[in-house]
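>>> Pasted the sequence and its predicted model underneath.
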Amino acid sequence: MSAQTLSEKMISKNHMGINIASVTVGVGILTFPRALAKATSGFDGLISVVISGLVALLIGWLLAKLAARFPRQTFFDYTAIIASKPVAYALTLLVCLYTMLFVSFEIRAIGNIAKQYLFYSTPVEMITLSFLLIVQYAVAGSRIAMLRLNLLFLPVVLVVIFFVLVFTTQLLEIENIRPYFSSSWKSLLEGSKAVGLSYSGFEIILFYTMLMRNPEEGPKAMLLGLFIPVSLYVTIYIFVIGVFSAEVAKNLTYPTIDLAKEVEIPGGFFERVESMFFTIWIMTIFNTCVMWLDITILNLTSMFRKVKKMVWILALSPIIYFVAMLPQNLVDFFAFADAITYFGMIIVYLCPICLLLIAIMRGVKGHE
């Protein structure tokens, strides 16, 4: 393989940052204003967004440092080097379980929201299955081509969000944002935890750093990747609270989509902007699902090298679909989401940070 061909199969620091932003800005951005409004009052939610963003950046930086110590090696490979193969098998299988559960959550979220805003008469089971089949098709192709879809889709999503915010500016009421600095530290930390759950996704740095041209630039990519969602969360929270007030936002299932419903284009030449907004948002959730399923396959093939990629896709898809259909209502669905996130905090945050500390103490380092 020529050096030029190898370079074409690598991704840059900025591309990795866009991938991180795309996977982070998923379903969570549609729901976080509700959880944040319940925990804090008015303006103070912005403090919680910043606190949780800084914590996410610190954890992400540590994860990037771990992956950068072992360039061109998979998560399983460098975990085996640091902590032995049995530990690597156990931890990597748990990571696969976590990523599969995340795919189940995302495809069910698509089913729920699409039925509510787009396909009123279509069973959620069929919407979810259709979306899963499309995700399967994307994962079956080239990994680099799949990652490069984010370069195409994320700018479109950001433009649509900007469009929605511009046309809701006239609906902002400063009184809705008040009071200022009235929440206790306990409330602010509770709000940070609530919005922090929506930052899940930046852990992809653990698995895709090996595809970077310069793996040592992983921490810088993390900075770019989290700057975008933190900025979006701050802006969207201000608009949701400013338009609806905190009391109303507490009772909205998807406040960000409801914000899009408030858009009125002069002349009335385009109605139901929330349908367009959600249709565009499907691209982001699609990329998120594809990356999580691809990471599942990547980890499984790194452990069981003789099993082909397509075999894993076909074997795992029925399990993912079955799990996605388990929640019977929205209460179960959001409880499922919280359980996945807390499980992920242990598996893809705490354990890798412990691996980094062990690697530093033992002086273990990979070679490119």
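Right, received. Where do you want to start?
>>> Could you use CA atoms for every contact and neighbour count after this?
Will do.
>>> export stretch 90-100 as PDB, just CAs?
Output of stretch 90-100 as PDB, limited to C-alpha atoms (Å, rounded to 0.1, in the frame of the first residue of the first chain):
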ATOM      1  CA  ALA A  90     -13.900  -8.900  29.500                       C
ATOM      2  CA  LEU A  91     -13.700  -5.100  29.200                       C
ATOM      3  CA  THR A  92     -14.000  -5.100  25.400                       C
ATOM      4  CA  LEU A  93     -17.100  -7.300  25.600                       C
ATOM      5  CA  LEU A  94     -18.700  -4.900  28.100                       C
ATOM      6  CA  VAL A  95     -17.900  -2.000  25.800                       C
ATOM      7  CA  CYS A  96     -19.600  -4.000  23.000                       C
ATOM      8  CA  LEU A  97     -22.700  -4.400  25.200                       C
ATOM      9  CA  TYR A  98     -22.700  -0.700  26.000                       C
ATOM     10  CA  THR A  99     -22.400   0.300  22.300                       C
ATOM     11  CA  MET A 100     -25.100  -2.100  21.300                       C
END
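>>> ok, and for it, which residues are buried?
Of the residues in stretch 90-100, those with enough neighbours to count as buried (16 or more other C-alpha atoms under 10 Å) are 91-100.
>>> now stretch 125-142
125, 127-129, 131-132, 135-136, 138-140.
>>> Kindly report the same for stretch 300-316.
Of the residues in stretch 300-316, 300-303, 309, 313 count as buried by neighbour count, 16+ other C-alpha under 10 Å.
>>> mind checking which helix or strand of this structure has the lowest mean pLDDT?
Sorting the helices and strands of the chain by mean pLDDT, DSSP states H and E puts helix 3-8 at the bottom, at a mean of 44.
>>> what's the burial count for the residue nearest to residue 156 when sequence neighbours are not counted?
Among residues not flanking residue 156 along the chain, residue 280 sits closest, at 7.7 Å (C-alpha to C-alpha, 6 or more residues apart in numbering). Residues within reach of residue 280, counting by other C-alpha atoms under 10 Å, total 18.
>>> next SSE after the strand or helix carrying residue 280?
Element membership of residue 280 [criterion: DSSP states H and E] is helix 273-303. Helices and strands here follow DSSP H and E; after helix 273-303, the next one along the chain is helix 309-324.
>>> which intervals of this protein have sub-threshold pLDDT?
Low-confidence segments of the chain, defined by pLDDT under 70, are located at 1-9, 27, 179, 181, 263-275, 366-368.
>>> Repeat the analysis, applying 80 as the threshold.
Counting by pLDDT under 80, the ranges of the chain that qualify are 1-10, 26-45, 116-120, 164, 167-198, 244-247, 249-281, 364-368.
>>> Make TSV from the buried residues of stretch 300-316 and add distance to residue 363 to it.
Formatted as TSV, the entries for the buried residues of stretch 300-316 read as follows, by distance: C-alpha to C-alpha, whole Å:
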residue	distance to residue 363
300	27
301	28
302	24
303	24
309	34
313	37
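>>> Identify, from the residues you listed, the entry nearest to residue 284.
Each of those was scored against residue 284 by C-alpha to C-alpha, and residue 313 proved nearest at 20.9 Å.
>>> Distance check, residue 226 against residue 355.
According to C-alpha to C-alpha, to the nearest Å, residue 226 stands 23 Å off from residue 355.
>>> The two - which one has more neighbours?
The residue with the greater number of neighbours, taking residue 226 and residue 355 and applying other C-alpha under 10 Å, is residue 226; the counts read 26 against 17.
>>> my read: the more buried one touches residue 21, true?
Yes. Applying C-alpha atoms under 8 Å, one finds residue 226 in contact with residue 21, separated by 6.1 Å.
>>> Could you tell me which residues touch both of these two?
Where contact means C-alpha atoms under 8 Å, 6 or more residues apart in numbering, the residues bridging residue 226 and residue 21 through contact with each are residue 202.
>>> Verify the contact between residue 76 and residue 90 for me.
No. Using C-alpha under 8 Å as the test, residue 76 is too far from residue 90 to be in contact (9.6 Å).
>>> and residue 365, that's in a strand?
No. Residue 365 is assigned coil when assessed by DSSP: H, G, I helix; E, B strand; the rest coil, not a strand.
>>> residues near the closest residue to it other than its chain neighbours, how many?
Distances taken as C-alpha to C-alpha, 6+ apart place residue 69 nearest to residue 365, at 5.5 Å, with adjacent residues excluded. Other residues within reach of residue 69 by the criterion other C-alpha under 10 Å amount to 20.
>>> how close does residue 69 sit to residue 362?
Following C-alpha to C-alpha, the distance that separates residue 69 from residue 362 is 13 Å.
>>> With residue 35 instead?
On the measure of C-alpha to C-alpha, residue 35 and residue 362 end up 42 Å apart.
>>> and those two? which has more neighbours close in?
Neighbours were tallied for residue 35 and for residue 362 using other C-alpha under 10 Å; the higher tally belongs to residue 35 (21 against 10).
>>> quick one: the helix or strand containing the more buried one to helix 273-303, angle?
For residue 35, the element it lies in under DSSP H and E is helix 28-39. Between the axes of helix 28-39 and helix 273-303, defined by axes from the mean of the first three to the mean of the last three C-alpha atoms, to 10 degrees, the angle is 110 degrees.
>>> How far away from the center of its chain is the helix or strand following helix 28-39?
Following helix 28-39 in sequence order, the next helix or strand is helix 45-68 (DSSP H and E). Shown here is helix 45-68, whose average C-alpha point lies 14 Å from the average C-alpha point of the whole chain (C-alpha atoms, centre = their mean, to the nearest Å).
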